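Q: Show me how the following folds:
(4 chains)
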Number of protein chains: 2
Amino acid sequence: MVTTAKPASAAASITNVAALANVSTATVSRVLSGKRTKDDDIARRVRAAAEELNYSVNYAASALRSDVTNTIGLLIPSATDPLSAQLLDELEPMIDVDAQQLLLGIGATRELQAERLESLTARNVDGLIVIPAPGTDPTDTLERFARHTPIVQVGGRQSSFRTSMVSIDENAAMEASVRHLAESGARSVAYLAGKDVSFESAELFAMFHTQVRSRTLFTRNEWSQFGERTVQRGFHCAMRLFGDALDRSGRDDLYRLRPEALICCDDAVAFGAMIALDALDLRVPQDVRIVGYGDSPLAMTTMPQLTSLRPPVQQIVAEALRLIAAGPATPAHIMLPPQLIIRGSSRAA
Amino acid sequence: MVTTAKPASAAASITNVAALANVSTATVSRVLSGKRTKDDDIARRVRAAAEELNYSVNYAASALRSDVTNTIGLLIPSATDPLSAQLLDELEPMIDVDAQQLLLGIGATRELQAERLESLTARNVDGLIVIPAPGTDPTDTLERFARHTPIVQVGGRQSSFRTSMVSIDENAAMEASVRHLAESGARSVAYLAGKDVSFESAELFAMFHTQVRSRTLFTRNEWSQFGERTVQRGFHCAMRLFGDALDRSGRDDLYRLRPEALICCDDAVAFGAMIALDALDLRVPQDVRIVGYGDSPLAMTTMPQLTSLRPPVQQIVAEALRLIAAGPATPAHIMLPPQLIIRGSSRAA
DNA sequence: TTGTAGGCGTTATCAT
DNA sequence: ATGATAACGCCTACAA
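A: Numbers count the residues shown, from 1 in each chain, chains lettered A, B, ... in the order given. Reported below is the predicted structural model:
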């Protein structure tokens, strides 16, 4: 047997380990990659040698030979997008336990995303998770790569069954919100909807009305509007809805003149509404119950704390990784409902 | 010359390109990697062949042979940390122009960061940018890897000159804030400071007093306190400072009884203060000028819009990449001042 | 079960 | 400047 000396400066290779453990490189490879299950003396010798030499695999060599890079690609529109950030925080530790690594691409437009998709697949990632740029249907771009790499789209719209998708069940969220508000004693409700490029907003708006009717709650068309997802917008909407509150107090059909509950498309809108209500001396939740969306960290810092819908990020990640592991052959579409986190802003009186 | 046919299914390799262009693989490699500057017929033939075969390098093979992975590692405490998110958004496009890719690690604690650092360096990243976990000095961990990989620490404390660091010049930020408030007509000022584990907070607090004195502004020790970086904290502090405002109105030494300006350690604190001032019927900026920190997206949605300090993220990224390119041999420490974005909350009356 | 040996695609070395 | 060839470290088909 030829003993291969290891220069002190360079990183140890499988050959050095083999020499030290007195076995062949093939055996070292098999032991360390878990293809050899027995835990006998040989296995222990190999592991001890690897430990002593501070050996770690050369992923480049491994990938070159086996076409597996132990790398997951993630493409997001922006790290400052809350859903993307939450997904990142959830995803990174989950893939690390498989000794995989996260290759990140950021693209805020359809075109940039297509570019990044090209770069990521050129790196031979083992799987790809994509959050589409806002208002974008990435289907045809994704399909170009789906043949070679398992791709999972998270959220957004999609017009094909060639690639997998995991998305948030917004209709279920609306159902949960309305039901909760009805049970908390609200008799009327308004919906400060989000303004999206897609049809989704309109669909959700219809869902709101369906749910309100089925709970025999009261609402007025002019109460609910589409708009920006900003604090300012929430403030203005609430001012419009409740601004002349004093003139009306005491009337026993008050709940028909102004809503007793607000469903907001975003926590920021809810914050703005709460500021306005505070300025108007209306109490939350006694006079007006509020439900936000997104469960942003700030939701716990308002007074009272904001009831909000938390995106099912953990399940999304778990499902996405499961679909990637299943390979590109078996695309599936999965919808997961957000969780309603009930806090002070919507509790029953 | 032996012509190597390319199976339609597999990806094209350098060999296929060489065959099609009627040159050797060595020449193809040289042309495509830019080691051959001349743009003669050969170069054009090679590029045309690569284009036609839709060739793209196999990074694994390239890395195996040359020890360059075209990969930058980034280690952050959390994607929901604003600075980390902004850095991500800024960094990703800048390294993409070098055809590099971003390998992301997330670790919220010292221990997790050490683990991720291990994983990232095991991937042979060409360089590493690290934002330390809050209140953590990563120096000794970083030094273990700095010998082999250029590492740049962003922000935080550091006790060594073995690794490079780029950080935000908080003292310059404080100087700019106080100067601006003095010039906007404020006669007194309070500082709602952040509560950190490190000494930094105390140092910055001292800097506040130094600057206030040199501008001959008025302040009281009990006005300024350390605390959380939350909306709630800002609300409470403002209520404490301005709560009995009505009793005092009209006094001509009013500016000595309550501050005419607030410097907040975080935009969230400023938001809370603005809510409180609104509730107390005090006007921003006429009665109280406010400066936040972080220039969060919400800063543009308040009324009036919030003056805030924007972290110099773009310069940070540029400097970090420059230091990485310079290699591990030349560590440097660089401080960059934030930019004061002046908006309505602090404009002169 | 273990060892031998060939090859993955690229780049560096060396000779031309 | 170009081409032939070896080598990077690992995995795996095949032989023992």
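Q: tell me, how many neighbours does the residue of the stretch 51-200 of chain A found nearest DNA strand C end up with?
A: Closest to DNA strand C within the stretch 51-200 of chain A is A:Arg65: 3.7 Å, counting by C-beta to the nearest atom of the strand. (Each C-beta comes from the backbone N, C-alpha and C, glycine too.) Using other C-beta atoms under 10 Å in any protein chain shown, A:Arg65 is surrounded by 12 other residues.
Q: Check A:Ser33 too.
A: Going by other C-beta under 10 Å, the residues that sit close to A:Ser33 add up to 11.
Q: Repeat that for A:Gly135.
A: Using other C-beta under 10 Å, A:Gly135 has 12 neighbouring residues.
Q: thought it was touching A:Asp196?
A: Yes - assessed by C-beta atoms under 8 Å, A:Gly135 is found in contact with A:Asp196 at 6.3 Å.
Q: related to what we said a few turns ago, contact partners for the residue of the stretch 51-200 of chain A closest to DNA strand C?
A: For A:Arg65, no residue meets the contact criterion (C-beta atoms under 8 Å, 6 or more residues apart in numbering or on different chains).
Q: ok, it to A:Ser13 distance?
A: Distance, A:Arg65 to A:Ser13, using C-beta to C-beta, to the nearest Å: 13 Å.
Q: what does A:Arg289 give?
A: 65 Å.
Q: now swap in A:Arg347 and tell me
A: Noted for A:Arg347: a distance of 63 Å to A:Ser13, by C-beta to C-beta.
Q: swap in A:Asn58?
A: For A:Asn58, the distance to A:Ser13 equals 7 Å [C-beta to C-beta].
Q: Kindly report the same for A:Thr302.
A: 57 Å.
Q: quick one: A:Met127 and A:Asn70 touch, right?
A: Quick fix: residue A:127 is Gly, not Met. No - with contact defined as C-beta under 8 Å, A:Gly127 does not reach A:Asn70; the gap is 10.6 Å.
Q: Comparing these two, which shows the higher neighbour count?
A: Applying other C-beta under 10 Å to A:Gly127 and A:Asn70 shows that A:Gly127 carries more neighbours, namely 22 against 17.
Q: Just the pLDDT for that one.
A: Model confidence at A:Gly127, given as pLDDT, is 95.
Q: what are the phi and psi angles of it?
A: phi -170, psi 160 (degrees, to the nearest 10).
Q: Pull the contacting residues for it.
A: Residues in contact with A:Gly127 (C-beta under 8 Å, 6+ apart) are A:72-73, A:149-152, A:321, A:324-325.
Q: neighbour-wise, which of those residues leads?
A: A:Ile151 (30 neighbours).
Q: what about that one, distance to A:Ala133?
A: Taken as C-beta to C-beta, the span from A:Ile151 to A:Ala133 is 15 Å.
Q: Over to A:Val154?
A: Distance of A:Val154 to A:Ala133, given as C-beta to C-beta: 12 Å.
Q: for A:Leu87, same thing?
A: Distance from A:Leu87 to A:Ala133, by C-beta to C-beta: 15 Å.
Q: same deal with A:His209?
A: Distance from A:His209 to A:Ala133, by C-beta to C-beta: 30 Å.
Q: repeat for A:Ser29
A: The gap separating A:Ser29 from A:Ala133 is 42 Å, by C-beta to C-beta.
Q: which one of these two has more residues nearby?
A: In this view A:Ser29 and A:Ala133 are compared by other C-beta under 10 Å, and A:Ala133 has more residues nearby, 22 against 18.
Q: Hmm, that one is touching A:Pro77, no?
A: Yes - taking contacts as C-beta under 8 Å, A:Ala133 lies within contact range of A:Pro77: 4.7 Å.
Q: I would like the residues contacting stretch A:89-103, please.
A: Residues outside stretch A:89-103 that contact it (C-beta under 8 Å, 6+ apart) are A:70-74, A:88, A:120, A:123, A:125-126, A:129, A:313-314, A:316-318, A:320-321, B:78-80, B:101-106, B:115-116, B:119-120, B:123.
Q: Just want the residue of the stretch 201-349 of chain A that's nearest DNA strand C.
A: When distances are taken as C-beta to the nearest atom of the strand, the stretch 201-349 of chain A reaches nearest to DNA strand C at A:Pro328, 19.6 Å away.
Q: list the contacts for that residue?
A: For A:Pro328, the contact set (C-beta under 8 Å, 6+ apart) comprises A:146-151.
Q: any idea which element it lies in?
A: Of the helices and strands defined by DSSP states H and E, none includes A:Pro328.
Q: for A:Leu74, same thing?
A: strand A:71-76.
Q: Would you give the sheet partners of that strand, along with the direction of each?
A: Looking at strand A:71-76 with DSSP bridges, its partner strands are strand A:101-106 (parallel), strand A:127-130 (parallel).
Q: burial of A:Leu75, as a residue count?
A: Neighbours of A:Leu75 (other C-beta under 10 Å): 28.
Q: isn't it right up against A:Ala133?
A: No - checked against C-beta under 8 Å, the pair A:Leu75 and A:Ala133 is beyond contact range at 9.4 Å.
Q: can you pull the pLDDT of A:Gly250?
A: 66.
Q: Looking at A:Arg289 and A:Ser13, which is more packed in?
A: Neighbours per residue, other C-beta under 10 Å: of A:Arg289 and A:Ser13, the larger number sits with A:Arg289, 25 against 18.
Q: Against A:Val189, how distant is the more buried one?
A: Taking C-beta to C-beta, one finds A:Arg289 at 8 Å from A:Val189.
Q: so what's in contact with these two at the same time?
A: A:181, A:260-262.
Q: Dump those residues to JSON lines, plus pLDDT, neighbour count and distance to B:Met239.
A: Below are these laid out as JSON lines (pLDDT from 0 to 100; neighbours: other C-beta atoms under 10 Å in any protein chain shown; distance: C-beta to C-beta, whole Å):
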{"residue": "A:Leu181", "pLDDT": "97", "neighbour count": "28", "distance to B:Met239": "30"}
{"residue": "A:Glu260", "pLDDT": "95", "neighbour count": "22", "distance to B:Met239": "28"}
{"residue": "A:Ala261", "pLDDT": "97", "neighbour count": "27", "distance to B:Met239": "28"}
{"residue": "A:Leu262", "pLDDT": "97", "neighbour count": "31", "distance to B:Met239": "25"}
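Q: Just the closest of the residues you listed to A:Ile42, please.
A: Nearest to A:Ile42 among the shared contacts of A:Arg289 and A:Val189 is A:Leu181, at 65.9 Å by C-beta to C-beta.
Q: Nearest residue to the closest one in space, please, no chain neighbours.
A: Distance criterion C-beta to C-beta, 6 or more residues apart in numbering or on different chains; nearest residue to A:Leu181, sequence neighbours excluded, is A:Ala261 at 4.4 Å.
Q: ok, now A:Ala48?
A: That would be A:Ala21: by C-beta to C-beta, 6+ apart, it lies 7.3 Å from A:Ala48.
Q: Can you give me the neighbour number for that neighbour?
A: Residues near A:Ala21, counting by other C-beta under 10 Å, number 22.
Q: For A:Ser62, which three-state class applies?
A: Classification of A:Ser62 using DSSP: H, G, I helix; E, B strand; the rest coil returns helix.
Q: Pretty sure it sits against A:Val68.
A: Yes - counting by C-beta under 8 Å, A:Ser62 touches A:Val68, with 7.3 Å between them.
Q: Settle it for me: which of the two has more neighbours?
A: Neighbour totals were compared for A:Ser62 and A:Val68, and A:Ser62 leads with 18 against 13 (other C-beta under 10 Å).
Q: rewinding a little: phi and psi next, for the residue nearest to A:Ala48.
A: A:Ala21 adopts backbone torsions of phi -90, psi 0, taken as degrees, to the nearest 10.
Q: hang on, A:Arg44 is in a strand, isn't it?
A: No - counting by three-state DSSP, A:Arg44 is located in no strand; its state is helix.
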